[in-house]
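K.L.:
have a look at this prediction, sequence included:
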Amino acid sequence: MPKALITGITGQDGSHLAEFLLEQGYEVVGMVRRTSTIRFDRIRHFQDRVTLVSGDLLDEVSLIHLLREHRPQEVYNLAAQSFVQASWSQPVFTGEVTALGVTRILDAIRIVDPEIRFYQASSSEMFGKVREVPQTELTPFHPRSPYGVAKVYGHWITINYRESYGMYACSGILFNHEGARRGVEFVTRKISDAVARIHLGLQQELALGNLDAKRDWGWAPDYVRAMWLMLQQDEPDDYVIATGEAHSVREFCQIAFDQVGRDYREHVVIDERFLRPAEVDLLIGDPTKAREQLGWQPTIGFEDMVRRMVDNDIRLLKEEHDLP
Ligand code: NAP
Ligand code: GDD
């Protein structure tokens, strides 16, 4: 039975990837960091089928110990300070986890077992102020946030360890991907959750920042499949994973409110607190390489995704508030 270690298993992608790998017959080890309150909401339904181990990307020794003890063949590094907005208020912490954390885990792999196959969760945020549209694996980076800068470091250190030490290390440049397990601080889930609350009479208004920002939004379960495919190839490489379509935050609002028969203009207000010091205006990816070499393609379109997210939040809130 193949064994995989996932850092960030309690996050959106980590929870989907763990389920996917279990379905493929893997033994899954998930690294969790110590917190005073345990939040395993996303993994509770399969927690008894994975092994959870303590470790932190800030602590190299913890990484070496858990690799020595569990000896995985594949490591998926999904852990990060992943919220772009927070990276301006915590730039050094973001760099420690999201940038240097990658070197720590690569070094731990090199020390314990350099044959381990490694996946790094890189991001379309690296393209930032985009140099071309759509963005490919060869598009130059111009990150616009401390998070984006940290991800550029993580991307290049992964390539550098591949070239320096011959490691099987891949970087997946994933565009935004969403779903029922997305954190509520990210704009898509913030909208779907608010629409559900407004529909159920639990909230009146939704405060947002830049409605004109455009993103290439995909469906998270599709994207974790691409991570696994990258580690099954003969040679390690880097791939853009995207839908190839961009939509604005405003369009997301229109569809989400339409799902409950409402007009977003009657509920959405602009709040400057949600504007960013530097914005990424337009992200749109070209997934041709992934389609041709990995056989990967998305299964869910934008409108379907928005409507599913709203329906899911209505269901969750009804359960939580005991509503009919
Ligand atoms: P997420 O929901 O925010 O999950 C982040 C995970 O990292 C959580 O499990 C978190 O643990 C863990 N973590 C944070 N700091 C850590 C540390 N110091 N040591 C160990 N674990 C730590 O993020 P996601 O959306 O699943 O994204 C997964 C990865 O893909 C991230 O690296 C993100 O930057 C990248 N990415 C995401 C997208 C996207 O659209 N979702 C696109 C491109 C790239 P706690 O639960 O304890 O907080
Ligand atoms: N979060 C948030 N909240 N974003 C808002 C809001 C708001 O109230 N109003 C408008 N936006 C805009 C942001 O300015 C941004 O342009 C866009 O919505 C998307 O913001 P997020 O959902 O926070 O995601 P992100 O694109 O900054 O980052 C996500 O995708 C990256 C891939 O490009 C995260 O998942 C990153 O970890 C990931 O790397």
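P.N.:
On my side now, so go ahead. Ligands and ions are numbered 1, 2, ... in the order given.

K.L.:
where does the nearest residue to residue 33 once chain neighbours are set aside land in three-state SS?
P.N.:
Leaving aside its sequence neighbours, residue 33 sits nearest to residue 56 (CB to CB, 6 or more residues apart in numbering; 4.5 Å). No exception for glycine: its C-beta is placed from N, CA and C like everyone else's. The three-state assignment at residue 56 reads coil, by DSSP: H, G, I helix; E, B strand; the rest coil.

K.L.:
and stretch 234-243, anywhere near ligand 1?
P.N.:
No: using CB under 6 Å from any ligand atom, stretch 234-243 never reaches ligand 1; the gap is at least 8.5 Å.

K.L.:
does ligand 2 have contacts with that stretch?
P.N.:
No: shown here: stretch 234-243 not in contact with ligand 2 (CB under 6 Å from any ligand atom), separated by at least 9.5 Å.

K.L.:
still on that earlier bit, can you check the pLDDT for the residue nearest to residue 33?
P.N.:
pLDDT, residue 56: 98.

K.L.:
residue 324 too?
P.N.:
pLDDT at residue 324 comes out at 89.

K.L.:
distance check, it against ligand 2.
P.N.:
Relative to ligand 2, residue 324 is positioned 30 Å away (CB to the nearest ligand atom, to the nearest Å).

K.L.:
so how far is ligand 1 from that residue?
P.N.:
From residue 324 to ligand 1 the distance is 32 Å (CB to the nearest ligand atom).

K.L.:
my guess is the residue nearest to residue 33 contacts residue 34. True?
P.N.:
Yes: contact criterion CB atoms under 8 Å: residue 56 and residue 34 qualify, at 7.3 Å.

K.L.:
neighbour count winner among the two?
P.N.:
Neighbours were counted for residue 56 and for residue 34 using other CB atoms under 10 Å; residue 56 has more, 18 against 10.

K.L.:
where's the more buried one relative to residue 63, distance?
P.N.:
8 Å (CB to CB, to the nearest Å).

K.L.:
domain parsing for this protein?
P.N.:
Residue ranges for each domain of the chain read 3-177+218-241, 184-216+246-282+299-321, as given by automatic domain parsing.

K.L.:
compare these and give me the one nearest residue 290.
P.N.:
Ranking these by proximity to residue 290 (CB to CB) places domain 3-177+218-241 first, at 4.6 Å.

K.L.:
so which residues of this protein form helices?
P.N.:
12-23, 60-70, 86-89, 91-94, 101-112, 146-165, 187-199, 220-230, 249-258, 288-289, 302-321 (DSSP state H).

K.L.:
with mean neighbour count added, can I get the ones you listed in CSV?
P.N.:
Output for the helices of the chain, formatted as CSV (neighbours: other CB atoms under 10 Å):
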stretch, mean neighbour count
helix 12-23, 22
helix 60-70, 17
helix 86-89, 16
helix 91-94, 16
helix 101-112, 21
helix 146-165, 20
helix 187-199, 22
helix 220-230, 22
helix 249-258, 20
helix 288-289, 16
helix 302-321, 17
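
K.L.:
present the ones you listed as CSV; the columns should include mean pLDDT and distance to ligand 2.
P.N.:
Shown next, in CSV, are the helices of the chain (pLDDT from 0 to 100; distance: least, CB to the nearest ligand atom, whole Å):
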stretch, mean pLDDT, distance to ligand 2
helix 12-23, 98, 8
helix 60-70, 98, 21
helix 86-89, 98, 9
helix 91-94, 98, 11
helix 101-112, 98, 14
helix 146-165, 98, 7
helix 187-199, 98, 4
helix 220-230, 98, 10
helix 249-258, 98, 5
helix 288-289, 98, 18
helix 302-321, 98, 12
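
K.L.:
got the contact list for the closest residue to ligand 1 within the stretch 1-150 of the chain?
P.N.:
Residue nearest to ligand 1 within the stretch 1-150 of the chain (CB to the nearest ligand atom): residue 11, separated by 2.1 Å. If you count contacts by CB atoms under 8 Å, 6 or more residues apart in numbering, residue 11 has them with 42, 78, 79, 82, 183.
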